[in-house]
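# Here is a sequence with its predicted model. Questions after.
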Amino acid sequence: MSYDLATKRYIDLQQKDFNAIIADEAHFLKSQDSKRSKNLIPVLQSSKRVILLSGTPVLNKPVEIYNIMKIIRPEVTPSFRDFTNRYCNPKKTQFGMDYSGATCTQELHHVL
């Protein structure tokens, strides 16, 4: 099922009891604010097993790995705020918060 179709049918998917889900191109779930991520991450988290496939899970910034970690290791993933404060060197700008930085990268590498 495509991400677009899954996003439209997420309510149906949430009512299923999946033993396993394989999600290809998992980097499509990297955005914290996308409708796709908001709708599908709970479905993936409720599955007994999840396999995420991607050729490019982290492009440039630690913030891009947060959702992937939240899916596969929620027990070791802090809140978004705690994660970004620790690993993304957030900066307040006139347009809101900028999470494009990186800090504690060796520690994050170890966690991963």
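Structure's in. What do you need?

# if I pick residue 62, what's in contact with it?
Taking Cβ atoms under 8 Å, 6 or more residues apart in numbering as the contact definition, residue 62 lies against 87-88, 102, 105, 108. Every residue, glycine included, has its C-beta placed from N, CA and C.

# and those, which are buried?
If you count burial by 16 or more other Cβ atoms under 10 Å, the buried members of the contacts of residue 62 come out as 87-88, 108.

# From those, which one has the minimum pLDDT?
Taking pLDDT as the measure, the buried ones among the contacts of residue 62 have their low point at residue 108 (90).

# quick one: contacts for the nearest residue to that one once chain neighbours are set aside?
Once flanking residues are discounted, residue 108 sits nearest to residue 87: 5.0 Å by Cβ to Cβ, 6 or more residues apart in numbering. Under the criterion of Cβ under 8 Å, 6+ apart, the contact list for residue 87 reads 62-63, 102-105, 107-108.

# Grab the most central residue of the chain for me.
Nearest residue to the geometric centre of the chain (Cα atoms, centre = their mean): residue 67, 1.2 Å.

# On the pLDDT front, check that one for me.
Model confidence at residue 67, given as pLDDT, is 92.

# would JSON lines of the buried ones among the contacts of residue 62 with secondary structure and distance to residue 24 be doable?
JSON lines is the format used below for the buried ones among the contacts of residue 62 (DSSP: H, G, I helix; E, B strand; the rest coil; distance: Cβ to Cβ, whole Å):
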{"residue": "87", "secondary structure": "helix", "distance to residue 24": "26"}
{"residue": "88", "secondary structure": "coil", "distance to residue 24": "26"}
{"residue": "108", "secondary structure": "helix", "distance to residue 24": "25"}
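
# any idea where the helices of the protein begin and end?
Taking DSSP state H as the criterion, the chain carries its helices at 3-8, 10-14, 35-46, 66-72, 80-87, 105-111.

# and residue 50, what does it touch?
For residue 50, the residues meeting the contact criterion (Cβ under 8 Å, 6+ apart) are 20-23, 44, 71-72.

# re earlier: residues contacting the residue nearest to the centre of the chain?
Under the contact definition (Cβ under 8 Å, 6+ apart), the residues listed for residue 67 are 29-32, 37, 41.
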